[in-house]
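> got a sequence here, can you model it:
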Amino acid sequence: MEASNWCPPPMTQVDWEETFAKYKGSPEYRILNPHMTLEEFKFIYCMEWAHRLWSCVVGLSFIIPTAYLIVRGHVSQPMSLKLCGISALIGSQGFIQHTCVRHSLCI
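Prediction:
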């Protein structure tokens, strides 16, 4: 879906219609959603965009303080390794999510 890019949802009706027209040209629309309406598209687009934004906020709200605490020496070395491991898991989840979204666009 077009929400795989990082642009916020369109603001005008004309922009929505242009975005929906692009989506109609995709294999996902032709194979899975040929009966989707513009209103359904708007809902899904906004949900996907909000989910992506929320995922980034959650990931960064862990990774940034973790990096700060490690750099400033406020955590022990064993704890630093654990926090880096958790950060790596968060990053790998984001990478997997991104890969899945990109792959679904190439049906």
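
> please count neighbours and contacts with C-alpha atoms only from this point.
OK.

> all helices for this protein, in order.
Assigned by DSSP state H, the chain shows helices spanning 13-24, 27-32, 38-71, 77-104.

> go through the last one and flag the buried ones.
Which is helix 77-104. 80, 83-84, 87, 90-91, 94 (16 or more other C-alpha atoms under 10 Å).

> so can I have CSV of those showing distance to Tyr68 and pLDDT?
Shown next, in CSV, are these (distance: C-alpha to C-alpha, whole Å; pLDDT from 0 to 100):
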residue, distance to Tyr68, pLDDT
Ser80, 11, 97
Leu83, 11, 97
Cys84, 12, 96
Ser87, 13, 96
Ile90, 17, 94
Gly91, 17, 92
Gly94, 21, 86
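
> dump the residues you listed into CSV; add distance to Val101 as well.
Listed next are these as CSV, based on distance: C-alpha to C-alpha, whole Å:
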residue, distance to Val101
Ser80, 32
Leu83, 27
Cys84, 26
Ser87, 21
Ile90, 17
Gly91, 15
Gly94, 11
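
> for stretch 53-60, what is the distance to the chain centroid?
Remark: stretch 53-60 is offset 9 Å from the chain centroid, using C-alpha atoms, centre = their mean, to the nearest Å.

> actually stretch 22-36, not the one I typed
20 Å.

> end-to-end on it?
By C-alpha to C-alpha, to the nearest Å, the extent of stretch 22-36 from end to end equals 13 Å.

> what comes up buried for it?
By neighbour count with 16+ other C-alpha under 10 Å, stretch 22-36 contains the buried residues 23-24, 27-29.

> what of stretch 62-75?
In stretch 62-75, counting by 16+ other C-alpha under 10 Å, buried: 63, 66, 70.
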